[in-house]
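Visitor: please work out how this folds:
(2 chains)
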2 protein chains.
Amino acid sequence: MDNSIKYALHGKLIAQEGKGNELAKILLYAASLMKSAKGCHLYIVGVGNNNPDEIWITEIWDTKEDHDNSLNVAGVRELIGKALPILNGRPEKGQEWNILGGTGID
Amino acid sequence: MDNSIKYALHGKLIAQEGKGNELAKILLYAASLMKSAKGCHLYIVGVGNNNPDEIWITEIWDTKEDHDNSLNVAGVRELIGKALPILNGRPEKGQEWNILGGTGID
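Guide: From the prediction side, this is the model:
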């Protein structure tokens, strides 16, 4: 991993009861689209330990700008359109932090 | 990324004032040791946006057992011995979650 400081975002989306699986599938598809997104090193989707409708995402990008621009990747806005109706309330802002280094991503 | 569910841990260690850099270096060295640890997919070290002494770590392992066993990797216990004296209080338990899939790790 090169030692330029990277942008990380860790946050959750809460699905309406029983729709966690459906939301996770949407986000996993989004993750596949991120392969081609400029500056994307990591886009990982998972589920909370205590609530199957709590879907977590952790992302690492070269810059926040790259992250913000990923909204323009083909197909992403359609996926957001699919996810919003099955969310349980407004998403909370995720935790932003700065990656210093480590192992596991290029 | 194969689609077996993986174990993720996201948490922070708070250094005594002005020792964030020193703590980060210890953890970055630990990250390098994790390259050889069984089941380690990701061990990333970073710093909080608002506090240079707040050092964040996010990890992905095949299993929790692999994570727990990493304490036995040569050199890890010495690093823990270096980190503990410069912490600001007891570390909080990190957030455990289950990875469903995504992009960026093998």
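Visitor: just checking, residue A:28 touches residue A:45?
Guide: Yes. Under the criterion of Cβ atoms under 8 Å, residue A:28 makes contact with residue A:45 at 5.2 Å. C-beta here means a position set from N, CA and C on the backbone, and glycine is covered the same way.
Visitor: so the residue most central in space within chain A is in which element?
Guide: Most central in chain A under Cα atoms, centre = their mean is residue A:57, positioned 4.2 Å from the mean C-alpha point. Residue A:57 is part of strand A:54-61 when elements are defined by DSSP states H and E.
Visitor: partners of that strand, with directions?
Guide: Under the criterion DSSP bridges, strand A:54-61 sits next to strand A:6-14 (antiparallel), strand A:40-48 (antiparallel) in its sheet.
Visitor: so what's residue A:56 up against?
Guide: A:10, A:11, A:12, A:45, A:46, A:47, A:48, B:8, B:97 (Cβ atoms under 8 Å, 6 or more residues apart in numbering or on different chains).
Visitor: ok, residue A:54 - contacts?
Guide: A:12, A:14, A:15, A:20, A:47, A:48.
Visitor: one more time with 7 Å, if that's ok
Guide: Counting by Cβ atoms under 7 Å, 6 or more residues apart in numbering or on different chains, residue A:54 touches A:12, A:14, A:20, A:47, A:48.
Visitor: mind putting those into a markdown table with distance to residue A:80 and neighbour count?
Guide: Putting the contacts of residue A:54 into a markdown table (distance: Cβ to Cβ, whole Å; neighbours: other Cβ atoms under 10 Å in any protein chain shown) gives the following:
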| residue | distance to residue A:80 | neighbour count |
| --- | --- | --- |
| A:12 | 16 | 19 |
| A:14 | 16 | 19 |
| A:20 | 17 | 21 |
| A:47 | 20 | 22 |
| A:48 | 21 | 17 |
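Visitor: shared neighbours, residue A:28 and residue A:45?
Guide: Going by Cβ under 7 Å, 6+ apart, residues that sit against residue A:28 and also against residue A:45 are B:100, B:101, B:102.
Visitor: in this structure the residue nearest to the centre of chain A contacts residue A:24, no?
Guide: No. If you go by Cβ atoms under 7 Å, residue A:57 and residue A:24 don't touch, sitting 9.8 Å apart.
Visitor: find residues that contact each of these two.
Guide: Counting by Cβ under 7 Å, 6+ apart, the common neighbours of residue A:57 and residue A:24 are residue A:45.
Visitor: rewinding a little: ok, of the contacts of residue A:56, which one's closest to residue B:81?
Guide: Of all these, the one sitting nearest residue B:81 is residue B:8; the distance, using Cβ to Cβ, is 26.0 Å.
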